[in-house]
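# Need the 3D shape of this:
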Amino acid sequence: MQDMDDNQLLREYKANNSEEAFATLVARHVNKVYSAALRHTGNSHQAEEITQSVFITLARQSGQLSKAVILEGWLYQTARLTALTRIRGEIRRAKREQEAHMQAIVNENESEVWKEIQPMLDSAIAELNEADRHAVVLRFFYEKNMKEVGLALGSTEGAATVRLHRALDKMRTFFIKHGVSSSTAIIAAAISANSVQAAPAQLAKAITGVAMIKGAATGGVTLTVLKSGALKTMTGLKLTTLALILANVFTSQKIVATHFNFAGKADAWTTQSNAALIWLVLGCGFPIFFVVIGHLARYLTKNSNALNLPHREYWLAPEQVGETSEYFYRHFHKLAFMGALFMLSQMLIQIDANHQNPPHLSASLILVSGGCYIAAVVVWMARMFWRFHRIPASSASAPGVH
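The predicted structure follows:
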């Protein structure tokens, strides 16, 4: 069969399914087909697979080839197209693998970035102007597309996009100042993926119930009869809401200012949960300290001669010592009450300072609250001094009292 040309060998293969004729064709053209595939792929293993595919295609389509076909040209074109298809497939596969790898890196970066920016996110958003803040909230918290964001802001989709990018740049600058460096794309992806969490299942029901009750009272509706079951439900809803509010305060990771310089500017920060814990300790510990002193003074008055008082012979006399100890007890409880009011005023002033943008402490409020507390303490001390530096007139003339 070596004397037969390509067309004769093809006809022989088509007519008799001659394996010898097809083997002769393969042997005659295999080097050229392999070389064409190798030039395209640069990979011998892939070139072998492409060469095999070309001759399989020839075997399948031999009955469809015209008698005038130039087999050399057909084999070259088929090898070229098969190689290009293979290369495009490899490129797509490599691209998919790269995208998957990059997405895994981005996801990992998003997770790490979110842990760092979460405590500062609300503070960063608070730094934005109103329009930029609305754009961020609508896009990332409510998942609006840019057309919807533009419509809500009364602008075009393009203008909303520019505004959002500008807002993200401002937030990125804020995070950099606080030690978190990342791209706006990763920041946006982290916020979008993590910022909205599902609320407890019963929260909406609790809020609705309390709001309806409060709304009815505000609207002037007089409720004349409430069944005990309704009252219990209302109480339960209020307690649930209060518990959720307290849980949010003591678990929130929002960053708040805790210390201010003489100019009223914040110079120390911590999470809201830490700040709430600090104020809980200080707010309870300060007045409790004076309550403990009151108990100690009452004890010493009754059980020790070491207590140094003016006219101690009178005030610590057996018939008077009970009244003296109770006075100390009640008087120090008044000081504890004043201390509690002072700590509450300081906490409210700090909360007000954190509501400013940027946080700023009011010097006038500090002076007023501090001045009132000092004045109250002075009056408290004066009352105690006045009481023990004089003896009631009815007792001053009694025998043994000097």
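# which residues touch the closest residue to residue 144 other than its chain neighbours?
Leaving aside its chain neighbours, residue 144 sits nearest to residue 138 (4.5 Å; criterion: Cβ to Cβ, 6 or more residues apart in numbering). Glycine gets a C-beta too; all of them are placed from N, C-alpha and C. Residue 138 sits next to 144, 148, 149, 152, 153 when contact means Cβ atoms under 8 Å, 6 or more residues apart in numbering.
# Would you mind checking those residues for buried ones?
144, 149, 153 (16 or more other Cβ atoms under 10 Å).
# export those residues to JSON lines and tack on distance to residue 368 and secondary structure?
Output for the buried ones among the contacts of residue 138, formatted as JSON lines (distance: Cβ to Cβ, whole Å; DSSP: H, G, I helix; E, B strand; the rest coil):
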{"residue": "144", "distance to residue 368": "45", "secondary structure": "coil"}
{"residue": "149", "distance to residue 368": "44", "secondary structure": "helix"}
{"residue": "153", "distance to residue 368": "41", "secondary structure": "helix"}
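# where do the strands sit along this structure?
Using DSSP state E, the strands of the chain run over 255-260, 266-271.
# Just say which of these is most tucked in.
strand 255-260 (a mean of 20; mean count of other Cβ atoms under 10 Å).
# That one - what's its average pLDDT?
Averaging pLDDT along strand 255-260 gives 80.
# From the contact counts, what lies against that strand?
Counting contacts by 3 or more Cβ pairs under 8 Å, 6 or more residues apart in numbering; DSSP states H and E, strand 255-260 is packed against strand 266-271, helix 272-303, helix 321-354.
# Please spell out which residues along the second one are buried.
Judged by neighbour count using 16+ other Cβ under 10 Å, the buried positions of helix 272-303 are 272-276, 279, 283, 287, 290-291, 294, 297-298, 301.
# do the same with the last one
For helix 321-354, the buried set under the neighbour-count rule, 16+ other Cβ under 10 Å, comprises 324-325, 327-329, 331-332, 335-336, 338-340, 342-343, 345-347, 349-350, 353-354.
# from the chain's centre, how far out does that helix sit?
37 Å (Cα atoms, centre = their mean, to the nearest Å).
# Measure how it sits relative to strand 266-271, angle-wise.
Here helix 321-354 runs at an angle of 100 degrees relative to strand 266-271 (axes from the mean of the first three to the mean of the last three Cα atoms, to 10 degrees).
# Show me what helix 321-354 is packed up against.
Checking 3+ Cβ pairs under 8 Å, 6+ apart, helix 321-354 ends up next to strand 255-260, helix 272-303, helix 363-388.
# I'd like those laid out as JSON lines, including distance to residue 80.
Converted to JSON lines, these look like this (distance: least, Cβ to Cβ, whole Å):
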{"stretch": "strand 255-260", "distance to residue 80": "63"}
{"stretch": "helix 272-303", "distance to residue 80": "67"}
{"stretch": "helix 363-388", "distance to residue 80": "82"}
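# Quick check: residue 10 vs residue 64, distance?
11 Å (Cβ to Cβ, to the nearest Å).
# Which one of the two is surrounded by more residues?
Ranked by neighbour count (other Cβ atoms under 10 Å), residue 10 and residue 64 place residue 10 first, with 21 against 8.
# Can you name the residues that contact the more buried one?
21, 25, 62, 65, 71.
# Now the buried members of those residues.
Buried among the contacts of residue 10 (16+ other Cβ under 10 Å): 21, 25, 62, 71.
# Select from the residues you listed the entry with the lowest predicted confidence.
residue 62 (81).
# residues touching that one, list them.
10, 13, 14.
# what residues are up against residue 28?
By Cβ under 8 Å, 6+ apart, the neighbours of residue 28 are residue 6.
# cool, and the one 4 residues further on?
The neighbours of residue 32, taking Cβ under 8 Å, 6+ apart as the test, are 72, 75, 76.
# Isn't the last one up against residue 34?
No: contact criterion Cβ atoms under 8 Å: residue 76 and residue 34 do not qualify, at 11.6 Å.
# Poorly predicted segments of the stretch 51-200 of the chain, please.
100-110 (pLDDT under 70).
# isn't residue 18 right up against residue 12?
Yes: with contact defined as Cβ under 8 Å, residue 18 reaches residue 12; the gap is 4.9 Å.
# And these two? Which one has more around it.
Legend: neighbour count by other Cβ under 10 Å for residue 18 and residue 12, higher for residue 12 (18 against 15).
# Quickly note the distance from that one to residue 22.
9 Å.
# Check residue 267 too.
With Cβ to Cβ as the criterion, residue 267 and residue 22 are 87 Å apart.
# same deal with residue 192?
In terms of Cβ to Cβ, residue 192 sits 60 Å off from residue 22.
# Looking at those two, which one has more neighbours?
residue 22 (19 against 14).
# Leaving aside the residues adjacent along the chain, what's closest to the more buried one?
Nearest to residue 22 is residue 13, by Cβ to Cβ, 6+ apart, at 4.8 Å.
# Does that neighbour touch residue 21 like I think?
Yes: Residue 13 is in contact with residue 21 according to Cβ under 8 Å; the separation is 4.4 Å.
# quick one: common contacting residues for those two?
By Cβ under 8 Å, 6+ apart, no residue touches both residue 13 and residue 21.
# Distance-wise, check the spatially most central residue of the chain relative to residue 124.
A centroid search over the chain (Cα atoms, centre = their mean) returns residue 118, at 3.3 Å, as the residue closest to the centre. Counting by Cβ to Cβ, the gap from residue 118 to residue 124 is 11 Å.
# taking the contacts of residue 62 one by one, which sit in helices?
10, 13, 14 (DSSP state H).
# returning to that earlier point: including distance to residue 258, could the buried ones among the contacts of residue 138 go into CSV?
Listed next are these as CSV, based on distance: Cβ to Cβ, whole Å:
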residue, distance to residue 258
144, 35
149, 35
153, 35
